[in-house]
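Trainee: Prediction below, plus the sequence it came from.
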Amino acid sequence: ARAAAPDAAVVAVAAAPHRALAHKRHPHVSAAELAAGWCGDVREPEVAAPPRPPRRGACRSRIDVALNCSERYVTALSCGELGFLFSRAEVVDTDVERPQRHYRQLYRSSRSGLDGPWSAARDVFGDPEPVYAVGENTAYVCEGSEVVAYGGLGSKNATLLGVAGIWRGAAPAAARLAWGPFRRAISADARESGCREALHVSGVPEHQCLFDGKLSVAALSETDYRLYARANRCARGGRGAQVASSADGGETWGAFSPLDLAGLGAPRSNTNVYFVAASAVPAAFFERAGLRDVGPWVFACFPAVLNGTDGGVFCAPSADGVSFATPRRVVASAVRHSWRTSDHAVDLDAVSASGKVELWVHEGVSVPRDARDEWPSTPAKQRAAAARARRQGHCDGGRCEYCFDASERPGLCHHAFVAAVHRAPGGAVDFRLAARGG
């Protein structure tokens, strides 16, 4: 059940001062387990039982913005004199013989930073996108007065089009985004980028990574970046994350390293870190506590299901952006089909130099209720007609929102924390987070 108030001390870590990015490797899953598609001898029924509805705690502080039912992967970004709210929406063609599902990146802007009010939603990239699927998993970072986007897949279609990988483009931070040319920033070929992928899809080379979850970029300085992407650690379930670093502000990137979350151990199909929303803990925060040789760190929050039973939004800090403390749950959620949760962390700069920590949670994310939702046997044309009937009033030019039946209206809830840090005996640094105002 989602908790009305977060745990009192939700994140704690003892870690050495900032150190260089290290290349780590997760414990290998056996060939037999990978062939069967499962890790850790975990099974899920073909049709999951309806989830127990969570006990709802009232949101104490709601962000005043109306989200459509298909939106997910929300990013809140301050850049230049504006605030931006980015998201991915899902639509289905309803006026064609062979309907197709598509993803659109949307954005809302505000002249009062992240305080709103927000404009109506607009397309980020337009149609067609500058690069195929660049809007499916996009991360955003502000560089001076420009919004920089990273996105792209290693899917079958991206392979056929010759655009597999993660692409980078920039636009002046304005109410109307006008993008310059995009260039490939990171290869999807594991032999070049060192990325990890255990989910093998027909038509995709075995050595290629899919990057089929939201990306996130943490800017520790003007030049020191971390980029987080999905790493499927099992052929079924077992979603995780991997990280690459840049020492020149995203111009070039080093090899990926698998994310090391303390306490999670070997990959398991029923343990899913759906995506990582990462931001910098500025060095100024540590300096205020008298720790001048520490920082910047990375603070990450993510929707996850651990061991098939513990669902929600979890957070953890890291001294290097690779090895993280044991994740602590800050918002509890029901476990949905295929070990998903309908509460997602919003990607934003969470930690200020004063120690204030802002966490936005996207509640009511549309997720499949069971295997029939996720892999429907109904012909595409009938599904499109059903989508049109279900989404009357939410269609634009023959494309309608594609949503699973949701049990609640989507929205953004604001949670406020305060961080404290001190040097423990032996020289380790202890980082703690508590709910602001008790």
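Mentor: Cool, got the structure. Numbering: from 1, shown residues only.

Trainee: What is the neighbour count of the spatially closest residue to Cys79 that is not a sequence neighbour?
Mentor: In space, and not counting its chain neighbours, Cys79 is closest to Cys142: 3.6 Å by CB to CB, 6 or more residues apart in numbering. Where C-beta positions appear, they are placed from N, C-alpha and C, glycine not excepted. For Cys142, the count of nearby residues is 17 (other CB atoms under 10 Å).

Trainee: Need the pLDDT of Cys142.
Mentor: What the model reports as pLDDT for Cys142 is 98.

Trainee: Provide a list of residues in contact with it.
Mentor: Listed by CB atoms under 8 Å, 6 or more residues apart in numbering, the contact partners of Cys142 are Leu77, Ser78, Cys79, Gly80, Val148, Ala173.

Trainee: Check pLDDT for the residues you listed and point me to the minimum.
Mentor: Lowest pLDDT among the contacts of Cys142: Gly80, 95.

Trainee: What sits closest to that residue if chain neighbours are left out?
Mentor: Ala173 (3.4 Å).

Trainee: Do I have it right that that neighbour meets Glu146?
Mentor: Yes - contact criterion CB atoms under 8 Å: Ala173 and Glu146 qualify, at 6.2 Å.

Trainee: Which one's more surrounded, these two?
Mentor: Using other CB under 10 Å as the criterion, Ala173 and Glu146 rank with Ala173 on top: 22 against 17.

Trainee: what sits in contact with each of Ala173 and Glu146?
Mentor: Residues touching both Ala173 and Glu146 (CB under 8 Å, 6+ apart) are Cys79.

Trainee: hang on, the earlier thing: give me the buried entries from the contacts of Cys142.
Mentor: For these, a neighbour count by 16 or more other CB atoms under 10 Å gives the buried set as Leu77, Cys79, Val148, Ala173.

Trainee: My understanding was that the first one contacts Tyr107; is that so?
Mentor: Yep, that's Leu77 we're talking about. No - with contact defined as CB under 8 Å, Leu77 does not reach Tyr107; the gap is 9.2 Å.

Trainee: Between the two, which contacts overlap?
Mentor: Shared contacts of Leu77 and Tyr107 (CB under 8 Å, 6+ apart): Phe84, Leu85, Phe86.

Trainee: Surely the second one is within a strand?
Mentor: In other words, Leu85. Yes - secondary structure assignment (DSSP: H, G, I helix; E, B strand; the rest coil) places Leu85 inside a strand.

Trainee: roughly how far apart are it and Asp115?
Mentor: Between Leu85 and Asp115 the distance is 11 Å, computed by CB to CB, to the nearest Å.

Trainee: neighbour-wise, which of those two wins?
Mentor: Neighbour totals were compared for Leu85 and Asp115, and Leu85 leads with 26 against 11 (other CB under 10 Å).

Trainee: Verify the stated contact: that one with Gly113.
Mentor: No - Leu85 is beyond contact range of Gly113, at 11.1 Å (criterion: CB under 8 Å).

Trainee: can you tell me which helix or strand the residue minimising distance to the centre of the chain belongs to?
Mentor: Most central in the chain under CA atoms, centre = their mean is Phe275, positioned 3.6 Å from the mean C-alpha point. Using DSSP states H and E, Phe275 is not contained in any helix or strand.

Trainee: In contact with it: list those residues for me.
Mentor: Applying CB under 8 Å, 6+ apart, the residues near Phe275 are Tyr73, Gly213, Lys214, Leu215, Ser216, Tyr228, Arg230, Ala241, Phe302, Pro303, His344.

Trainee: quick one: pLDDT of it?
Mentor: 98.

Trainee: now swap in Asp95 and tell me
Mentor: Predicted confidence (pLDDT) for Asp95: 72.

Trainee: ok, now which ones touch the closest residue to it other than its chain neighbours?
Mentor: Nearest non-adjacent residue to Asp95, counting by CB to CB, 6+ apart: Gly398, 3.7 Å away. Shown in contact with Gly398 (CB under 8 Å, 6+ apart): Asp93, Thr94, Asp95, Val96.

Trainee: of those residues, buried ones?
Mentor: Burial by neighbour count, judged by 16+ other CB under 10 Å, picks out Asp93, Thr94 from those.

Trainee: thinking again about what came up before, look up phi and psi at the residue nearest to the centre of the chain.
Mentor: Here is the backbone geometry of Phe275 (degrees, to the nearest 10): phi -160, psi 170.

Trainee: ditto for Val305
Mentor: Backbone torsions for Val305, taken as degrees, to the nearest 10, come to phi -130, psi 120.

Trainee: do you know how far the spatially closest residue to it that is not a sequence neighbour is from His200?
Mentor: Nearest residue to Val305, sequence neighbours excluded (CB to CB, 6+ apart): Trp339, at 4.1 Å. Distance of Trp339 to His200, given as CB to CB: 20 Å.

Trainee: swap in Leu210?
Mentor: 9 Å.

Trainee: These two: which is more packed in?
Mentor: Each of Leu210 and His200 has its neighbours counted (other CB under 10 Å); Leu210 has more, 23 against 14.

Trainee: Now for the more buried one: which residues touch it?
Mentor: Counted by CB under 8 Å, 6+ apart, Leu210 has contacts Leu153, Gly154, Ser155, Ala188, Glu197, Leu199, Val201, Val204, Arg230, Asn232.

Trainee: circling back: and the residue nearest to Cys79, which helix or strand is it part of?
Mentor: Take DSSP H and E as the rule and Cys142 turns out to sit in strand 139-143.

Trainee: picking up where we left off before, dump the contacts of Gly398 into TSV; add secondary structure and distance to Arg62 as well.
Mentor: As requested, the contacts of Gly398 are exported to TSV (DSSP: H, G, I helix; E, B strand; the rest coil; distance: CB to CB, whole Å):
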residue	secondary structure	distance to Arg62
Asp93	strand	33
Thr94	coil	32
Asp95	coil	36
Val96	coil	38
